[in-house]
Every structure is written in C-alpha cells, then in structure tokens.
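Q: Test case, fold it:
(chains A and B)
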Protein chains: 2
Amino acid sequence: MSTQPLIRRSLDLTELLDGGTFTSVPGTRVGVAQAEVKRVGLVRDDIAVLVATGLAAGVVTRSTALAAPCRWTRARLPGPVTALVVNSGNANAATGTQGEADAQHMAETVAQELGCAATSVLVCSTGVIGVPMPMARVKAGIVRAVASLGSVDGHRAARAIMTTDLVPKEAACAVDGVTVGGIAKGSGMIHPDMATMLAFLVTDARIAPEHATALQALVTTVADRTFHAVTVDGDMSTNDTFVVQSPGVGPTAAPGTPMWVALERALHAVARHLARAMARDGEGARHLIEVIVEGTADDATARMAARTVARSPLVKTAIAGHDANWGRVLGALGAAGVAALERCDLDFAGVPVLRDGAPLPFDEARARAALSEPTVTIAARLPGPGYGEAFGCDLTADYVRINADYRT
Amino acid sequence: MSTQPLIRRSLDLTELLDGGTFTSVPGTRVGVAQAEVKRVGLVRDDIAVLVATGLAAGVVTRSTALAAPCRWTRARLPGPVTALVVNSGNANAATGTQGEADAQHMAETVAQELGCAATSVLVCSTGVIGVPMPMARVKAGIVRAVASLGSVDGHRAARAIMTTDLVPKEAACAVDGVTVGGIAKGSGMIHPDMATMLAFLVTDARIAPEHATALQALVTTVADRTFHAVTVDGDMSTNDTFVVQSPGVGPTAAPGTPMWVALERALHAVARHLARAMARDGEGARHLIEVIVEGTADDATARMAARTVARSPLVKTAIAGHDANWGRVLGALGAAGVAALERCDLDFAGVPVLRDGAPLPFDEARARAALSEPTVTIAARLPGPGYGEAFGCDLTADYVRINADYRT
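A: Residues are numbered from 1 along each chain as shown, chains lettered A, B, ... in the order given. Down below sits the predicted model:
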C-alpha cells in the first residue's frame, strides 16, 4: 500500500498569453459606458458592447426561471452574430412581459447604432432579480457604449460586467495558430450559478456556417468540463450565459481537422482558467478548492462526484478552518453515490489520508500548513477509468455577510 | 388578481402531549451512561440504550459511505428487535473492517447484559468520521447504561444522543388510543443529513409480525414527508437512521383499519415535530424556514422544489439578513425545474410579493418585521395538484464558525 501522494493526471494546460483578454483576438472591438443601471448616481462602467461579427454558439441557464435576455439570446444560438450587449446591476429576470420587451429593445438599440439586424445582437444581464430595467438610462448607455467602440479594450469590458466580483476575469491563449480570448464574471460561491456566471469568448478561427452545429457541440463540451465544474449542484441562475463568437479573420477550422483540435484546446484552456478564477474569487473565499476524482465508471460520474465534494458546506467550512477533516470528503462521495468507496485512496491538500479505504496516520501540523495555501487540492482515486474535476471555494463568515443584505 | 396572502392548506397537526418523549409510551425503558466516547475526561452522557421489545422498522442513509452501525441495523429491519444502542462522539464510519467488528461488539455487549440475541439489537453512532471506536470505554459504558435501565427517562436519552444540538428533541402524542413518542438529534444545517440525523420513535400499537412489510412502508412514507423534508439536497450522512419500535402493549393496529390510520397520524405528527425541531436548531440558525409549495404536477415534485428553496444559501442568507429578496426564491424554483413559473404566486414571510408571475409592490418595513419572527414561511402556489413542505434554517456566520473547526 503506497502512502505516496496520488499522482495527479497531467492536465493539458496550455500556456496563457500575458495580459490576454477578449480584444487579444483580431477582429474584435469593445465599448463601455456608465449607465447607472443599479441606481442613479452610480459611478462605474455597467454596460459593455462586444463586437465580433461571425458565427457564434453558446449555452444559457437551464433554469425554468429563465431571464428575458437569456430567452432572447438562446433563440439565436448557434447562428450569425454581430455583437453582444451586457449590463450589470439588473438581471431583467422575473420581470414579466415588460422584461421580454426590454431585452428586445436593448438589442434594437445596439442594432440601430451599428446598422445591423436586431436579431444578430445577443443580450445578457446580471444583477438584482425582479426589478424592471431602467430603460431610459440603459438605452442612453448603450448609445454611449457603441460610440466608444474601439477606444477601449477588453480589460475595461471585463470590469464593466462585474457585480460582487473582486477582480476582473480575463484570459487569452494561442494554440497552433488559433487564438482564443475571453472575459467572464461570477463570484463562485456555494451555488455559484446563482450569482450569475457570464463568459464571453472569442476566437479568430474561421468557422463556416455549415459547422454551426459542430461549434455548438464543442461549446457544450467545453462548458461541461469548465464552467459547469463550478456549477456546484446543477443549479443555474436565471441569467447564466456562455457565448463563443468567431469573427473569422484567422485560420480556417473545420471539424476533424488539426485546427479544430487546436480550437478545442484553446477554448478549454481559456474557459478552464476563467472557471477557476470564478471559484477563486468566490464571495468571501480565501481558498480555491480543486477537487479531482479519478476512477469512477465514467467521466460524467467523476465530474458529478467532484462537484458534490466541492459544494459540501462541511468540506468548505473545514477548509476555511484549515482542518483536515477528510471524513467529510468521504461523506460527500458517499452522498454522491460513488461505488467501491471501501477501496478509495484520498489525499487532502496533498496529504495522503486514506489508502484502499483505510485511514492513514498523518501529521496534523503538516496538513494545517498545506491547508493554508491559496489553492487546496482534494484528490480521490478509485479503480475505474472515469476522470472529473470541480472548482469551488471555502465557506467563510464573509460569504454570509456579503449575501445577507445584497439587495438593500 | 388577489393580493391576499396565500391561504395555507390546513395541516393535519395533531396536538402533542406536554413533555412527551420516548418513555411516554408504555412498554419502554431507557438507560444512559457517560462513556467518554469522544475523549477521555468528557463529562456527559454519550451512550443510550432504548429497550422496546417487538416489531421494528426503519430506514438508514442511502449514502454509499454507509457507516458500520447502519449496515448492521439495516440488515435487521423490518424485524423483531429487543433494544437499540446509540452513542454520540464517534460515527464509526470510514473505519474499515474494524468498524464492522466494533458495531457487532456493541450489539453483543447489549445482548449479553440483557440476555437476548445480538441480532435483535440495533446499533447507531454519531460523531466524528474516520476515527476507530474506543471500544473498551464504549463496552464499559454500555454495561453501565443497561444497568441504569428504568432509572432514567427519555429526556436523559434525548440529551445523550446530542452532538452539536443546542436543545434536546423529543415529542409524543396520542391519536385515537395509539400513543407514539420519540427522541431525535440533528442540527439541521445546509446539508442537514451530513450532521447525522437520528430519530427513534416508539408506539404502543400492537403490530403482528406478518405486517412487518406494511410497517416498513409506513415508516418510509413518514420519513419522506418529515425527516427527508429537512434533507435539503438528498444528501445523507454516513450514519442517518430513523427507527420505529413497537413493544406492542397497546391496541392492535393492522393495515386498512382505523387504528392503522391513527398510527400513521401519530407517527407523522411526532416525526414532523422532530424534523422541524432539527431545522430550528440548525447550527448557527436564528430562524426556522418553512417552505410550502402547492400546485406542481405531484407531491414528490412539490417536496423536491420546496427542498431546493430551503437549501439555497442565497435564500438562507437573505433571511439571516431579514431581506425580502424573493427573486432568490424564484431562482431556486427555476433551478429545481418547476414549470409554469410565469404563473407563480409567491408569499415571502407572509407578505404577497408575486401574483400570476408579476411582482407586487410591498412594504419593505413590514417585510423586514415579518422576517424578524423565529419562523419564516415561504409559500409558492402554481396551478397543479401537488403539495410539499420543506424545513430549513437561515445561514449565519455562526454556522461557519461552528463547522470550521469541528474536529479539533
């Protein structure tokens, strides 16, 4: 019985570009504006317009309480897209038929300014639920944001879409000539999707319209392995949206070609970076929790089991307290229905604590030190072929403070 | 469109007996002992023996990380039972083959003292996971607990099984000549089952051995409507156990008779009271959150939707902050996949906030006052026939403090 730490499967982690963002990709322009969406007098960018004209694909929340902008955007993906408009400060969710009209008016305002069809404009919103959009201010903001197109970069847009985020989230990478860049917002939390996760990626890869379905499938696969790995319990907010745009000014990528593989790797690398950044920026969080499950029947089971561990409040509070209470991990794996736990190997923060289902003695001081690191990795190994990851964060008293009085 | 508060379906709430507990039922005896299970020097009762000889039924956790005592107990239910032994301070979970042997030894020790078969003794444990049972102290404690049989009452047993519980949980009631009493432990929390929920009920109803299967089905139904309504996400701990014993010294109850209906009502009333008491005693909680969903396709869907709301950290933190952020309730219902939300009526703490899917203006001060009450009720109504309840509690910074350093 080896008591060496579990070897972590080497992840195909593509190196990111320094300072990369949405506008690192040729063929893109962004604009921002201060529209006082949440309240009059607010001084911050809260509207962004992302222009990247070409084929787009994407996924929105599966919630049946779908926000109006998500309904608008979902109906247009995959398909040809000119631009995307995003606001923070108001989710335009649970706003009835007025909300549907407001989402459409946002698209129409962008279309009018850009001279394109409103149906080629996607709309995303994030913020408070159940409050009508202040449309006069929103429309004026959109006009100013379009006017600023090209004069600002992705960094400004990444800030404009933040809500409770402490840091902007952006990345870019290049793989075999394909460039992917993107921005995202989301404060990974107990139910991260409830905080609304938005991610806007773009690639210079040229994708023919007949490959729209293949691009949509690729985006779904990438979402399952990255953003949904932060989706700690399958819950989704009313507004979650992940879109990939392809202005198509670079190399041609078609399914089955090496360039398509490069596109997948680049999308995965940027999406995974943004997903981990969301978890790390969890409301009140001091640690990124990375859970790796190897050896379930298949990958989907491994991902589900990893998410169950990452969402467990008992695991999250133990890590907040730097307490190597690995029994809670085993409890979460059991609650997830993982089979053959009597043969489980487990490392907690890199410290071997269980081998072949039997507890190992370990040095509490060493474990406590390992739990003080910004990233805490929990790795479980079982006898099967499945592999999955999940990204979470610890649960602190600050999380409670942030959420106890968000609306007022 | 009525803006009256939603009429709450009148619940069949049977009146409880003042000061009722396990030993309110004739034919029962309990004993307790200080066994220093968690650590040497601990001064508190931590072992209880409950004697109620007759047919028993029950359910244990569905976790695949099943603790050894649950494996032992599950194999014997439904069936003839002499006694049940419980310890707090150690879960005897993730303890390998030694744990299986230890659970059996606990049963054998009781059997030897009582002069019955070890296979007629149930075993339950609650406490830390992954630590071997201190069997010398446990066995000595069991001997003392059996020696004390009859000299103490259910109130002492209710205290002996507590872990992080602040108050003991016990109740009894009488319906048409059938008496049911019981004790329970569990600090309803974000994932209440992870804190281990134990509930031991007993009835004087005389149930013939050939009705073992019917009793088991009845216990399962009662569990679904009560204890599982606190099971906020279907997660279960390694050790959850709910047992009903029937020493059978009272009226005969057979399926299909009025006495069986009385038994069901009495079991439901006691179990529901104990379930709500667990939620109310949630770790760090200041409010019981009662969620009522009416109008889904069926009862199971309504219960699932109610649980999704009750477990939502965003709903829980909003209530901790006395903030009528009802959008989070709608978000949770949407995440639960509830259909026809565009026609939803919603009351938050008794304040109408949504009618036929449209937000209502409401008095924030009145809502804040209503949210200061110890019990906060959230009621959602849709057009269908389903009905379900869930019981939860608010999420406070104290919850985090309690769980960040539980083990050490």
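
Q: Tally up the residues packed near A:His322, please.
A: 21 (other Cβ atoms under 10 Å in any protein chain shown). No exception for glycine: its C-beta is placed from N, CA and C like everyone else's.

Q: That should have said A:Thr64, apologies.
A: A:Thr64 has 18 neighbouring residues, counting by other Cβ under 10 Å.

Q: what sits against it?
A: If you count contacts by Cβ atoms under 8 Å, 6 or more residues apart in numbering or on different chains, A:Thr64 has them with B:Leu333, B:Gly334, B:Ala336, B:Gly337, B:Val338, B:Ala339, B:Leu341.

Q: As a check, name the ranges of all strands in the stretch 201-350 of chain A.
A: For the stretch 201-350 of chain A, strands defined by DSSP state E, counting those that start in this stretch occupy the ranges A:241-246, A:288-296, A:345-348.

Q: Low-confidence ranges, the stretch 151-300 of chain A, go.
A: The model of the stretch 151-300 of chain A has pLDDT under 70 over residues A:187-195, A:231-236.

Q: can you pull the contacts of A:Thr317?
A: By Cβ under 8 Å, 6+ apart, the contact set of A:Thr317 is A:Asp394, A:Leu395, B:Tyr399, B:Val400, B:Asn403, B:Ala404, B:Tyr406.

Q: Low-confidence regions, the stretch 301-408 of chain A specifically.
A: Along the stretch 301-408 of chain A, the model assigns pLDDT under 70 to residues A:405-408.

Q: where along the stretch 251-400 of chain A do the helices fall?
A: Taking DSSP state H, counting those that start in this stretch as the criterion, the stretch 251-400 of chain A carries its helices at A:258-280, A:299-311, A:313-320, A:327-335, A:364-370, A:397-404.

Q: now the helix or strand harbouring A:Thr179 against helix A:258-280, angle please.
A: For A:Thr179, the element it lies in under DSSP states H and E is strand A:178-185. Between the axes of strand A:178-185 and helix A:258-280, defined by axes from the mean of the first three to the mean of the last three Cα atoms, to 10 degrees, the angle is 20 degrees.

Q: Tell me which other helices or strands strand A:178-185 touches.
A: For strand A:178-185, the contact count by 3 or more Cβ pairs under 8 Å, 6 or more residues apart in numbering or on different chains; DSSP states H and E identifies helix A:154-160, strand A:169-175, strand A:198-203, helix A:258-280 as packing neighbours.

Q: distance between the shortest one and the chain's centre?
A: If you compare the mean C-alpha spot of strand A:198-203 with that of the full chain, they lie 10 Å apart, counting by Cα atoms, centre = their mean, to the nearest Å.

Q: now swap in stretch A:306-316 and tell me
A: 18 Å.

Q: And it, what's buried?
A: For stretch A:306-316, a neighbour-count test (16 or more other Cβ atoms under 10 Å in any protein chain shown) marks A:Ala306, A:Arg307, A:Thr308, A:Val309, A:Ala310, A:Arg311, A:Ser312, A:Pro313, A:Leu314, A:Val315, A:Lys316 as buried.

Q: Quick check: end-to-end length of it?
A: 13 Å (Cα to Cα, to the nearest Å).

Q: anything in that stretch near chain B?
A: Yes. Interface with chain B: stretch A:306-316 contributes A:Thr308, A:Ser312, A:Pro313, A:Leu314 (Cβ under 8 Å from any Cβ of the partner chain).

Q: Show me which of those is closest to A:Val167.
A: Nearest to A:Val167 among the residues of stretch A:306-316 next to chain B: A:Pro313, at 24.1 Å, using Cβ to Cβ.

Q: doesn't A:Ala158 make contact with A:Gly20?
A: No. Using Cβ atoms under 8 Å, A:Gly20 is not in contact with A:Ala158; the gap is 10.9 Å.

Q: which one of these two has more residues nearby?
A: Per other Cβ under 10 Å, whichever of A:Gly20 and A:Ala158 has more neighbours is A:Ala158, with 28 against 21.

Q: For that one, give its distance to chain B.
A: Per Cβ to the nearest Cβ, to the nearest Å, A:Ala158 is found 24 Å from chain B.

Q: And whatever residue of the stretch 101-250 of chain A ends up closest to chain B, how far from B:Arg62?
A: Of all residues in the stretch 101-250 of chain A, A:Ile129 sits closest to chain B, at 2.7 Å by Cβ to the nearest Cβ. According to Cβ to Cβ, to the nearest Å, A:Ile129 and B:Arg62 sit 34 Å apart.

Q: With A:Leu215 instead?
A: To B:Arg62, A:Leu215 is 40 Å away according to Cβ to Cβ.

Q: same check, this time on A:Ala310
A: 21 Å.

Q: More neighbours: A:Ile129 and B:Arg62, which one.
A: When A:Ile129 and B:Arg62 are compared on other Cβ under 10 Å, the one with more neighbours turns out to be A:Ile129, at 27 against 15.

Q: Looking at that one now. What's its pLDDT?
A: Note for A:Ile129: predicted pLDDT of 82.
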